[in-house]
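I'll drop the sequence and a predicted model, then ask my questions.
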Amino acid sequence: MPNRSEPNESTGGARLSVPIAALTIAGSDSGGGAGIQADLRTFAAHGLLGTSAVTAITAQNTRGVNAWEAVSPALVAAQIDAVLDDLPVAAAKTGMLANQAVIEAVIEAWTRRAPSIPLVVDPVMIATSGHRLLDAGAERALVQLLSLATVVTPNRPEAAALSGLALDADARAHAEAIARLAPRATIVIKGGHPLGPARTRAIDLVRYPDGTTAELTAPWIETTSTHGTGCTFSAAIAANLARGLGLPDALAAAKRYLTAALAAALPLGHGHGPVDHLVELVRRHPERAPGPSTRVARDVLDCIGGTSLVPLHKLGPVGGARILLKLESENPTGSMKDRMALAMIEAAEADGRLRAGGSVVEYTGGSTGVSLALVCATKGYPLEIVSSDAFAPDKLRHMQALGAHLTIVESDGGRMTAALTREMIARARALAAEPGRFFTDQLANADQLGAYHAMAREILAQTEGRVDAFVQCVGSAASLRGTAEVLAAALPSLRVVAVEPAESAVLSGASTGAHGIDGIGAGFVVPLWRPELVHEIITVSTEEAKAMAARLAREEGLFGGTSTGANVVAALRVAARLGPDATVVTVLCDTGMKYLKR
């Protein structure tokens, strides 16, 4: 258990001098994603003993609540008393409070037993459907509870219900109105329910008791795994207060924790799945992360991921940072695209876009097609691929060997151009229009981000959370974005560097052009590109990339393609600017065996 004399590296605060606990007063979620289950995992991730007073029992899963029943007010109060009689509770939070009688019991117990203990009130009032969960009497009682709160964390609909203002009113106006109900509390209007167009940043408004305001900002994580985010955020605030952090630090640390948990979440269930509450444990305790499997794999798809991370020994700059390469050539087809192909197919299976008897269509320069062919062959789906003679012949033969049917679009002298990419997309879209076909549409498919979230978690474990820069080339932008989302959430000082072909540096603002680096440089700004995640874009010419790929093979024994060569050229430039204590991570995207006949 934590103690105050030891520094707390994960939060930047101090640990308490005796074993400590945090208390959640909330409903039970049978699906495990929200309620006391989410709160207790959050407390555990922060090194605390989690205790609970259950206010309601729900029958729910990722798709919704099927039934629920309130716990008697007397039993709720008895649970609070039992915990406070015996255990060192340093902070608490409330979640679902079933009815007026339960809320009044909580108010009485807290006023009587623990008025000086920090209390975070998550005012669970409105369902996702917009339906009010509390009647008028219960809402009045909840307002009374706010007067005891240290922090109040409404989302937008809850803020509107408490303030009496319109949903689209300015967040500061909501916060000022709620502050009149909770004058000693810090009000946090959460930004997880955005209005208008999709956001690129998740922004929460903070109003402190003295009237000053601030914003908590983080990258917007596109994921369906959002169940229990409000519970998790409020529990993380309570955990940080219990550990002794001041309010601004406690809020900022909670925001970072939730962002990392969202980014690391894997899809579970058929609705909105849970976040990964234990992502911080892997960062702080990499020895607990899964290592190489010693069991027999279920099938070849079970061998995707878990790749090695190795240093450059001869090519690194003198006095510069250490450079580590993620060896994605260890995947079954020799490419990192195995990760995204499996993620896209499994997501489509889960939500019904791809059913038994259906088939798959994709446009690809090769590696994505080979990876999809592997996945589809294993799962039994016919695969239609649109590709071009601009790409490595060995990749095309590999797809055919795995059972894919190819449509080849002629290129302009074997060069990759924006016009070629658009023609391939149009051909694939036409093929996908036939009944029963699922179009993976890699340039616009966000389902693949989860695959690279997993790769980022591997990097965090392998480096023990010590990464100063991440360098990756941009094709669909999914690998850069997905990996950076998780790494940046866990490592706020991380520098993210994108790489693109010098001959077609459209992300840098230059004109589109032809180049010879396989798998990257679409020639236009791709849909998954998120410039706010990136600190720098480095351009690398085709000749530089080819030369570096050859040097990697001869001098380091690492045989990769031209995209890997581009990555290493850029990583060397970044490493030369950093000191010898820094670490730069980049990716060996695929094996050079795919390019022997170019």
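Great, that's in hand. Residues are numbered from 1 along each chain as shown.

quick one: least confident helix or strand in this structure?
Every helix and strand in the chain was compared by mean pLDDT, DSSP states H and E; the lowest is helix 279-284, with a mean of 58.

ok, then the element right after that helix?
Heading C-terminal from helix 279-284, the first helix or strand you meet, by DSSP states H and E, is strand 309-311.

what strands flank the next helix or strand after that following strand, and is each parallel or antiparallel?
From strand 309-311 onward toward the C-terminus, using DSSP H and E, the following helix or strand is strand 322-327. Next to strand 322-327 in the sheet, as set by DSSP bridges, lie strand 309-311 (antiparallel), strand 583-588 (parallel).

nearest to residue 420, out of those?
Across these, residue 420 has its closest neighbour in strand 583-588 (24.4 Å, C-beta to C-beta). Heads up, the C-betas are built off the backbone N, CA and C, glycines and all.

just put the strands paired with strand 322-327 in TSV and tack on mean neighbour count and distance to residue 166.
Formatted as TSV, the strands paired with strand 322-327 follow (neighbours: other C-beta atoms under 10 Å; distance: least, C-beta to C-beta, whole Å):
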stretch	mean neighbour count	distance to residue 166
strand 309-311	14	51
strand 583-588	26	46
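
which among those is found nearest to residue 186?
Across these, closest to residue 186 is strand 583-588 (C-beta to C-beta), at 36.7 Å.

who touches the closest one?
Applying C-beta atoms under 8 Å, 6 or more residues apart in numbering, the contact partners of strand 583-588 are 309, 321-329, 336, 459, 463, 466-473, 479, 558, 560, 564, 567-568, 570-571, 574-575, 578.

how close does the spatially most central residue of the chain sit to residue 67?
The residue lying closest to the centre of the chain (C-alpha atoms, centre = their mean) is residue 263, at 0.9 Å. For residue 263, the distance to residue 67 equals 32 Å [C-beta to C-beta, to the nearest Å].

contacting residues around residue 87?
Counting by C-beta under 8 Å, 6+ apart, residue 87 touches 21, 49, 51.

out of those residues, list just those in strands.
Judged by DSSP state E, strands contain the following of the contacts of residue 87: 21, 49, 51.

highest neighbour count among those?
In terms of neighbours by other C-beta atoms under 10 Å, the ones in strands among the contacts of residue 87 top out with residue 51 at 24 neighbours.

just the mean pLDDT for the helix or strand that contains residue 425, thanks.
Here residue 425 sits within helix 418-432, counting by DSSP H and E. Average pLDDT, helix 418-432: 92.

which outside residues touch it?
361-364, 384, 386-388, 390, 407, 409, 411-412, 437-439, 441, 443, 504, 506, 512, 522-524.

CA atoms of it as PDB?
The C-alpha trace of helix 418-432 is given here as PDB (Å, rounded to 0.1, in the frame of the first residue of the first chain):
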ATOM      1  CA  ALA A 418      -2.800   9.900 -56.300                       C
ATOM      2  CA  ALA A 419      -4.600   9.100 -59.500                       C
ATOM      3  CA  LEU A 420      -3.700   5.500 -59.200                       C
ATOM      4  CA  THR A 421      -4.900   5.300 -55.600                       C
ATOM      5  CA  ARG A 422      -8.200   6.900 -56.500                       C
ATOM      6  CA  GLU A 423      -8.700   4.600 -59.500                       C
ATOM      7  CA  MET A 424      -8.100   1.500 -57.300                       C
ATOM      8  CA  ILE A 425     -10.600   2.800 -54.700                       C
ATOM      9  CA  ALA A 426     -13.200   3.300 -57.400                       C
ATOM     10  CA  ARG A 427     -12.800  -0.200 -58.800                       C
ATOM     11  CA  ALA A 428     -13.000  -1.700 -55.300                       C
ATOM     12  CA  ARG A 429     -16.100   0.300 -54.400                       C
ATOM     13  CA  ALA A 430     -17.800  -1.000 -57.600                       C
ATOM     14  CA  LEU A 431     -16.900  -4.600 -56.700                       C
ATOM     15  CA  ALA A 432     -18.200  -4.100 -53.200                       C
END
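
in it, what counts as buried?
418, 420, 421, 423, 424, 425, 427, 428, 431, 432 (16 or more other C-beta atoms under 10 Å).

just the residues you listed now: which is nearest residue 403?
Nearest member of the buried residues of helix 418-432 to residue 403, counting by C-beta to C-beta, is residue 431, at 16.2 Å.

from residue 476, how far off is that closest one?
When residue 431 is compared with residue 476 (using C-beta to C-beta), they lie 19 Å apart.

what sits closest to residue 525 if chain neighbours are left out?
Distance criterion C-beta to C-beta, 6 or more residues apart in numbering; nearest residue to residue 525, sequence neighbours excluded, is residue 506 at 6.1 Å.

sorry, that was for residue 222
In space, residue 222 is closest to residue 446, 5.2 Å off (C-beta to C-beta, 6+ apart).

from residue 422, how far out is that neighbour?
Counting by C-beta to C-beta - residue 446 and residue 422 are separated by 20 Å.

check residue 176 too.
On the measure of C-beta to C-beta, residue 176 and residue 422 end up 51 Å apart.

what residues sit buried inside the helix or strand harbouring residue 25?
Taking DSSP H and E as the definition, residue 25 sits inside strand 21-29. Residues of strand 21-29 classed as buried: 21, 22, 23, 24, 25, 26, 27, 28, 29 (neighbour count, 16+ other C-beta under 10 Å).

how about stretch 579-598?
Buried-residue list, stretch 579-598, by 16+ other C-beta under 10 Å: 582-592, 594-595.

got JSON lines for those, with pLDDT and distance to residue 240 too?
Formatted as JSON lines, those follow (pLDDT from 0 to 100; distance: C-beta to C-beta, whole Å):
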{"residue": "582", "pLDDT": "96", "distance to residue 240": "28"}
{"residue": "583", "pLDDT": "97", "distance to residue 240": "27"}
{"residue": "584", "pLDDT": "97", "distance to residue 240": "31"}
{"residue": "585", "pLDDT": "98", "distance to residue 240": "28"}
{"residue": "586", "pLDDT": "98", "distance to residue 240": "34"}
{"residue": "587", "pLDDT": "98", "distance to residue 240": "34"}
{"residue": "588", "pLDDT": "97", "distance to residue 240": "38"}
{"residue": "589", "pLDDT": "96", "distance to residue 240": "38"}
{"residue": "590", "pLDDT": "94", "distance to residue 240": "42"}
{"residue": "591", "pLDDT": "93", "distance to residue 240": "45"}
{"residue": "592", "pLDDT": "90", "distance to residue 240": "47"}
{"residue": "594", "pLDDT": "79", "distance to residue 240": "48"}
{"residue": "595", "pLDDT": "79", "distance to residue 240": "50"}
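
format those as a markdown table; extra columns: distance to residue 354.
Formatted as a markdown table, the buried residues of stretch 579-598 follow (distance: C-beta to C-beta, whole Å):
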| residue | distance to residue 354 |
| --- | --- |
| 582 | 43 |
| 583 | 39 |
| 584 | 38 |
| 585 | 33 |
| 586 | 33 |
| 587 | 28 |
| 588 | 30 |
| 589 | 26 |
| 590 | 25 |
| 591 | 28 |
| 592 | 32 |
| 594 | 27 |
| 595 | 31 |
